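Asker: give me a 3D structure for the following:
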Amino acid sequence: MVIEENVRTKNQGMTGAIINPGAIGDCILTLPLARFLKERLSLARLDMIANSDYVSFYPKRTCVDVVRSINSIAMHRLFVGPDEFELDQHDQLIRDFSHYDYIVSLLGEPGGSFESNLIFTVYCSRSAEVTTIRMHPAEGQNRHVAVSYIDQYCEANGLQCEGLSAGLNTELITPTADDKQAGRFILQSLGVNPDKPVIGIHPGSGGKYKCWHIDNYLALAEKVRKNGSVPVFIIGPAEKEHLNKAALNRINDEHTVAENYKLLEIMQILSTVQAFVGNDSGIAHLAAGSGLPAITVFGPTDPALYKPAGPHSHAIAVEPVDFDEPNPAAVEDVEHSLNELLAKTGPC
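Answerer: As a prediction, the model looks like this:
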């Protein structure tokens, strides 16, 4: 699968690729690196090789020009030992990487078999720069992971990089006018007036341990409604798995629910709302990266490493116990932070 929009041909400039095997948030956290590569290397085209379910909407809305499905390339072949690795003369694997001048991989380890075999494969067709960086932070790391990705690239290639943390405060994803219109249509189909202030609430995450107690979100939603805004809960398969039936029934009985929408549609919904509140999750990274005023509630994970990047992103660290039981005081803190953020950013 290849998704692209208005890109130059490979004969019109240098091309690069980022290989990212991660989930929604992992891919969004590589967008500062993608922008750095395009600008620093003057790339005419940059591809993202990843799970297409997570990144298919990137062309036209991010600095990524082309999306390729990571499942369309036989990456597993690159994990064998170098002595066991074999390629045919016209191997598809060679063709898969034959048009890149620069490749940055978050798959494999620096100096590992995957990197060695990837370099060998690339050099079967052309001379290119291949850099492998670690996806997950090293023990004791205190740098934000998005900054770490750029730092690792610079360290591996002898480049000077300073002031990169400022790039975390800029918009990474720009919804189109069509996206905003589609988001309005979805809200209308849910019975919500898109001209009213809407607060998106996402109570889930890929890991249940990262989910603030659902009663806290329900209490926050009541406060949002009393303040004159419309809370809209975003619910998908992860939420249905992590939340008990009674909690799901209460959400559906008391509030508007955007349920089982595709990632592009969630992005379109978020492009129309006034603000977002949620856990450390891919949806929080999507909201903040799109420039939306976003509150992310952290407990077990470290916001210094994983705070969503964006111009109006705010992280709140609460006690881990609040993820196991309701805490009215913590709800008050989140509401206060939300109101402060909205006062600074104004209506969307």
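Asker: give me the below-cutoff pLDDT ranges for the stretch 1-150 of the chain.
Answerer: Across the stretch 1-150 of the chain, the ranges flagged by pLDDT under 70 are 1-12.
Asker: and the longest helix for this protein?
Answerer: Counting residues, the longest helix found in the chain (DSSP state H) is helix 328-345.
Asker: please point out which parts of it sit buried.
Answerer: 330-331, 334-335, 337-338, 341-342 (16 or more other Cβ atoms under 10 Å). Just so you know, the C-beta spots here come from the backbone N, C-alpha and C atoms, and that holds for glycine as well.
Asker: for residue 124, state which of those is nearest.
Answerer: Compare each of those with residue 124 using Cβ to Cβ and the shortest gap goes to residue 341, at 51.8 Å.
Asker: who are the contact partners of the closest one?
Answerer: The contact partners of residue 341, by Cβ atoms under 8 Å, 6 or more residues apart in numbering, come to 275, 293, 295, 312, 314.
Asker: pLDDT score for it?
Answerer: Residue 341 is assigned a predicted lDDT (pLDDT) of 94.
Asker: which parts of stretch 223-234 are buried?
Answerer: Residues 223-224, 229-234 are the ones in stretch 223-234 that count as buried (16+ other Cβ under 10 Å).
Asker: adding pLDDT, write these out as JSON lines.
Answerer: Putting the buried residues of stretch 223-234 into JSON lines (pLDDT from 0 to 100) gives the following:
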{"residue": "223", "pLDDT": "97"}
{"residue": "224", "pLDDT": "97"}
{"residue": "229", "pLDDT": "96"}
{"residue": "230", "pLDDT": "97"}
{"residue": "231", "pLDDT": "98"}
{"residue": "232", "pLDDT": "98"}
{"residue": "233", "pLDDT": "98"}
{"residue": "234", "pLDDT": "97"}
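Asker: is it possible to get TSV of these that adds secondary structure and distance to residue 286?
Answerer: Conversion of the buried residues of stretch 223-234 to TSV gives the following (DSSP: H, G, I helix; E, B strand; the rest coil; distance: Cβ to Cβ, whole Å):
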residue	secondary structure	distance to residue 286
223	helix	24
224	helix	20
229	coil	20
230	strand	20
231	strand	18
232	strand	15
233	strand	16
234	strand	10
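Asker: now those as JSON lines including distance to residue 184?
Answerer: Below are those laid out as JSON lines (distance: Cβ to Cβ, whole Å):
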{"residue": "223", "distance to residue 184": "25"}
{"residue": "224", "distance to residue 184": "20"}
{"residue": "229", "distance to residue 184": "16"}
{"residue": "230", "distance to residue 184": "13"}
{"residue": "231", "distance to residue 184": "17"}
{"residue": "232", "distance to residue 184": "13"}
{"residue": "233", "distance to residue 184": "18"}
{"residue": "234", "distance to residue 184": "16"}
